[in-house]
Structure formats: C-alpha cells, structure tokens
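Engineer: no sequence on this one, just coordinates:
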C-alpha cells in the first residue's frame, strides 16, 4: 500500500504494509536506553521451535529475529507536526515500543507518536518499557506520556526492583510473539543451557589439545612454557567463569563433566610447585570438586576435597603471607570445610573451622576496608558461626552473629543496590534471624524477618528466572514464611506458602534429580505441607504428604549414612507419620513409626550431646512413645515418661536451650516423678 498523508484504519493490513517490526519511541534524554533496546531486540534469536511455525498477533509468522526496528533518534523541532518520515515509519511498524521515563512523560513528540499509532487502530500493539520514574504517579515521577496512561499497555520494567533488564526484554518479546512470558522464559533458559554445553565441550577440547601440545613440546622449553600458559588460561575459564554460569542453571551433570576433564588435565600435566598460579588453579578445582560432591550428597568426598584444597591454600599463604588473595583462599576453604562438618553433625569441628575463617576475614577487612569482597566474606563467616550456635542452643549468641552478618550485608547493599549477590546475602540473613526469633518465641518478629527475606528472594527470581540458585532461595523463603504463619495459627496462609515452596522445589528436583540439596528441599516442602494438612484435620492428605517426604528422606539417608542432617530429617518424618497413624487409630502403625524415629534420634543424641536440637528430638520421641503406649499399658507408658523427664532434665543441667513450653513440661513431669520418688523413699 503506497503511503498517503494522514492515517487510515488497519483493515486490510498485509505483510507488504510493514517494513519494521517495531517503532521505538523515546525522549532524546533516554537515547542510551533506546540504543540498548534496539540492539537487545534486533539481536535476540527467536527460539527455533517458534520460527515460521507460530503466528504472531499481527498475523505474520514468527521471524528468526525481529529485524528491522525503527529508532526515532532525535526529537523533532519545536511547534511541528510529526514529520513525513516519522509518519511513514509509524505506518510501516507492526508494534510501537515506548521507552517510559519522566523525560518521556514530558515529551510532546513521544506523546504524539503514541496518539498517531492509536489512530492507526493499533492500540493493542503498543508496548511499554519503564526505565525510570513511576507509572500513573501523577507528579514529577510520572513515566507514562498522557496518551499512554489510559491504555494500560503491557509494561516491562528494567529497574532492579521491577523485572530487571533480562526479564524486561523477554516480556516485550513475548508480547510481540504472542506467547506467555513464562513460556518464553523457559525456552530462553533451555537455550542458555544448550549454549553452555557447547561452550563446555569446546573449551575442554581446546584445553586438552593445548595440554597435549605442552607434553609434545616438553623438550622445546619455550614452546612448552607458552603452551602450558595457554592451557592454564583455558583451564581458568573452566574452573572459574564456566563454573559460575553453570551454578546459575543448576546442572550438576555439566559440572561433573567439567570437573572430570579438569582432573584429567591435572593428572596429565600435574602442577608446578614453583608456580603459585597452577597450584591455585588446582586448589579452586578441588573446591569445585568438593562443592559437586556436597551437592550430590557425598559429604565424605566433599570433606576430602576441601581438606586437600585447604592444604594448598595454607602452603600458598605461607609462601607469601603478604598476598591477601592467598589468605582469602584460606577463608573459603575453612568455610566450606565447616559447612560439611556441620552437616555431618561435627559441631565442634565446624565451630573451629568457622572461627578460623572468621579470624582471617576480620584481619583482611581491617587491613583494607575498601574491598567489598573482604567484608562479604566476613559476613559469611558470621552467618556460618551463627548457624552452629543456633543448633547448639546458644540462641543469644546466634542472634548476635546473624545481626553482625546482616549489618555487613545491609552496608554492602547500600553501597551497590544493583549487586544481586549483596541482595542475596540480605535475604539469607533475614531468614537466619527469623529462625532464631521463631525459636525464641518471637513469632511476630520472625514473621517480619521472613517477609523481608521473601521480598528480596522474589525480586532476584524475577530479575533472573533462569538462575536456579535464586529459585531455590525463593522456595526456601516460602517454606520459612509458611512455618511462621503456621505457628501463629494462620493455616490458610501457611498452606499457600508451602504450596508455592513445593511447586518451585518440585520443578528444581525434576530439572536435576542428582542434586541432593534440591531433593532434600522437596522433602521438607512435602513435610511442611503435611503438617498444615494435619492441623486442618485432613489426615489422609497429611499422611500422603508425609509418605512423599519420607520416601525422599530415606533415599538420601541411604545415599550418605554419614549425613547427620538427613538422618535427622528421616527421624522427624517417621514421627509425623506416627502422629497421623495415631490420630487415625492405627496404634500398631504409630508405634512402629515412633520406634524407627527413636532409633535414629538416640544415635544422633549419642553422637553429639551438645546439639540441642537432637537432644530435644530424642525427648520428644520418648514423649510420643509414652502417649501411644498409654492406650494399652499404663506401666510401659510411665517408663517412657520417665525417660522423657530424664532426657529433658539432662538438657537443662548441661545448659542447653529449653523453650518456655518445654520448661512447663519439665515442671509437670518433675512433680510426677520427683514427688513419687520421695514418697517411695
């Protein structure tokens, strides 16, 4: 259709009417955003399964790329109508994308472009992207031009508190393609994984080829040294950059392939003790191996790798005590070792490792206060220390440690609000503080802390939906919030939170069944769901949820019998199953379940008398045995009550934390047994 001055309706549009996929309208003061958006959309490759097979809302097949776009680079002269070239470009564009900001809201030309596109009858093809300001604010913060405010367009938001740049781009693309945002987001994540796979294999091929060249050229020293350096450079890419990318998508099979090749490289060429860089690369590779083993549930293997890495870190630190980076490696190795020791139930060892890491981190932070990483390490060490203190029952000490970590995270986030890792640290520390507040009985404080953690976790997950670590954090935050809601009697709210946690945990567990941490989170989500169902009287639903949780917990416990945390999970699940069976009148089933739980609880309590959680779990097991046997044998029940009393008394004598509720139980049991003993004498 030839161009005519003025606008007609869009009836009769055909492919030949359009030259551009979209017209990007923006204020000249936002030209940097206009350039970014133009490049981001034109260079985005549409998923292959959509190209030519999917019809866009304009009636045209999806292209390989949305090219070309028209970008209005400059505002027009004052007191002028839209120029002929602009009118032609608007007519020839399938979509209008408006870059929204306070500048755009005040620009008469951006507003005229919106009005003109509406006159074409294409108001449903106007998309908006917010780069600054607030929509419909009605003041100087207003970001929508007047003609846009009544349309309620699809609005993406590049700001960190909104969608983030990646999600904002995908949201616009989804609108142009006519597919759901979630659908395009998943396709984009899968494509990123495929690209990572190709990058991994290509890098491995280069590394091994260079390693072979280094071996062949061994007698030609100059060539050998050059080849070795090139090989180490590729190795560093695999050990550092590729590791970080794969952590985002959460694919352990790719991590394992990289790790296998890196180990093969070190076996082939070894390490040069005189070259700190090669030693350091091996140290980081060992840390990666330890992380992989931990994620797969192999704590013994993880501990071996972390100890080996620690030995190298200590050697490097001794060789050059002035090198802050070598000392920082000591922090990382000690911290990782402490995490494994804690999971194994070795709280004394974990405490020593975290304190060693903390001492080095404090020294580095004092030495150079301007380096954010030193302070972030310090915050991690306080958080690790606080977790051990919490499990030991030192809630006051744990709260103090977590608040130290939170103060550091808050300052780092204030300095760099766009840093996702700093925001993540904030979320984790709010969760940690909420755990302690809940155990101290401060349910309102705990709920407030969990809500703060969840708000940050939701924001991070929206910013980067393909980041599996952020999704996992979001699931954990929902689970913690639900636990607090349940404690306050908000069962409906708790049920909703647990279902959201379960949905995310299930998706991650299906995405990578080999990731033991995700499998464990799925088990916990089922257990929490079952607890609320039981409280609501849905015993059949609760039992089904508990059996789901137990099946996963049993697999994990068999996979690594040395993982004390997983053994404890299994014990708690048996208790929950027994509770439902008892409520249903299945006393024989309840007794069997309680006995299985008690056997594990006794083993864990013997393993670490300082672990307040495990000691409490054991006296609760005795209490449950007493309650179920009361229905059949008064004498047997009395003996179980005596065991519960003795265990709870021992906890108090050792100075372990006892809640107010447990104090009341102890007093009641004391009146029963201490009074009886006095009478018998």
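Structural biologist: In hand now; what should we look at? Bear in mind the structure is a predicted one, so any value in this text is a computation, not a measurement.

Engineer: burial measure for residue 517, as a count.
Structural biologist: The tally of other residues near residue 517 (other Cβ atoms under 10 Å) stands at 18. Glycine gets a C-beta too; all of them are placed from N, C-alpha and C.

Engineer: and this structure, what are its domains?
Structural biologist: Domains of the chain are assigned by automatic domain parsing as 15-179, 434-550, 560-681.

Engineer: Please work out which of these is packed deepest.
Structural biologist: Counting by mean count of other Cβ atoms under 10 Å, domain 434-550 has the highest mean neighbour count of the domains of the chain, with a mean of 21.

Engineer: In the stretch 51-200 of the chain, where is pLDDT below threshold?
Structural biologist: Within the stretch 51-200 of the chain, the stretches with pLDDT under 70 are 72-82, 189-200.

Engineer: Show me the strands in it, by range?
Structural biologist: In the stretch 51-200 of the chain, strands defined by DSSP state E, counting those that start in this stretch lie at 69-71, 93-100, 126-130, 154-157, listed in chain order.

Engineer: Quick one, which of these gets closest to residue 365.
Structural biologist: strand 154-157 (35.5 Å; Cβ to Cβ).

Engineer: so what does that closest one touch, helix or strand wise?
Structural biologist: Helices and strands touching strand 154-157, by 3 or more Cβ pairs under 8 Å, 6 or more residues apart in numbering; DSSP states H and E, are strand 126-130, helix 164-177.

Engineer: quick one: the first one to helix 164-177, angle?
Structural biologist: Using axes from the mean of the first three to the mean of the last three Cα atoms, to 10 degrees, the interaxial angle of strand 126-130 with respect to helix 164-177 works out to 180 degrees.

Engineer: by how many degrees do strand 126-130 and strand 93-100 diverge?
Structural biologist: Calculated by the same axes, to 10 degrees, strand 126-130 forms an angle of 30 degrees with strand 93-100.

Engineer: Without its sequence neighbours, what residue ends up closest to residue 187?
Structural biologist: In this structure, residue 187 finds its nearest non-sequential neighbour in residue 47, 4.4 Å apart by Cβ to Cβ, 6 or more residues apart in numbering.

Engineer: So the one you found belongs to a helix, correct?
Structural biologist: No. Residue 47: not assigned to a helix; according to DSSP: H, G, I helix; E, B strand; the rest coil it is coil.

Engineer: Please report how far it lies from residue 177.
Structural biologist: Remark: distance between residue 47 and residue 177 (Cβ to Cβ, to the nearest Å) = 9 Å.

Engineer: same check, this time on residue 30
Structural biologist: 25 Å.

Engineer: ditto for residue 464
Structural biologist: Going from residue 464 to residue 177 by Cβ to Cβ gives 21 Å.

Engineer: quick revisit: let me have the helices and strands packed on strand 154-157 in a markdown table, adding distance to residue 100 as columns.
Structural biologist: A markdown table is the format used below for the helices and strands packed on strand 154-157 (distance: least, Cβ to Cβ, whole Å):
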| stretch | distance to residue 100 |
| --- | --- |
| strand 126-130 | 5 |
| helix 164-177 | 11 |
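
Engineer: Can you say which of these is nearest to residue 490?
Structural biologist: Proximity to residue 490 (Cβ to Cβ) singles out helix 164-177 among the helices and strands packed on strand 154-157, at 30.6 Å.

Engineer: Now do the SS call for residue 23.
Structural biologist: Taking three-state DSSP, the label given to residue 23 is strand.

Engineer: That one bridge partners, please.
Structural biologist: Here residue 23 sits in beta bridges with residue 70, residue 96, as judged by DSSP bridges.

Engineer: right, and it touches residue 114 too?
Structural biologist: No. Between residue 23 and residue 114 there is no contact under Cβ atoms under 8 Å: 10.4 Å.

Engineer: Are there residues contacting both of the two? Which ones?
Structural biologist: Contact criterion Cβ atoms under 8 Å, 6 or more residues apart in numbering; residues shared by residue 23 and residue 114: residue 96.

Engineer: returning to that earlier point: now the common contact residues for residue 47 and residue 177.
Structural biologist: Common contacts of residue 47 and residue 177 (Cβ under 8 Å, 6+ apart): residue 184.

Engineer: ok, the residue positioned nearest the centre of the chain - contacts?
Structural biologist: Taking Cα atoms, centre = their mean as the criterion, residue 470 is the residue nearest the geometric centre of the chain, at 2.6 Å. Residues counted as contacts of residue 470 (Cβ under 8 Å, 6+ apart) are 420, 424, 457, 460, 461, 463, 464.

Engineer: Mind pulling up the pLDDT for it?
Structural biologist: The model reports residue 470 with a pLDDT of 87.

Engineer: and if you look at residue 322?
Structural biologist: Confidence for residue 322, expressed as pLDDT, is 84.

Engineer: Is it located within a strand, as I assumed?
Structural biologist: No. Using three-state DSSP, the assignment for residue 322 is coil, not a strand.

Engineer: Quick one: distance of the host helix or strand of residue 410 to the chain centre.
Structural biologist: Assigned by DSSP states H and E, residue 410 belongs to helix 395-415. Mean-position distance between helix 395-415 and its chain equals 19 Å (Cα atoms, centre = their mean, to the nearest Å).

Engineer: same deal with stretch 347-365?
Structural biologist: Mean-position distance between stretch 347-365 and its chain equals 25 Å (Cα atoms, centre = their mean).

Engineer: repeat for stretch 48-62
Structural biologist: When distances are taken as Cα atoms, centre = their mean, stretch 48-62 is centred 34 Å away from the chain's centroid.

Engineer: Distance across it, terminal residue to terminal residue?
Structural biologist: In stretch 48-62, first residue to last residue: 10 Å (Cα to Cα, to the nearest Å).

Engineer: other SSEs contacting the strand or helix carrying residue 532?
Structural biologist: According to DSSP H and E, residue 532 maps onto helix 516-535. When contacts are defined as 3+ Cβ pairs under 8 Å, 6+ apart, helix 516-535 sits against helix 276-295, helix 468-487, helix 491-511, helix 539-559, helix 564-583.

Engineer: That one - what's its average pLDDT?
Structural biologist: Helix 516-535 carries an average pLDDT of 93.

Engineer: And stretch 597-607, by the same measure?
Structural biologist: 93.
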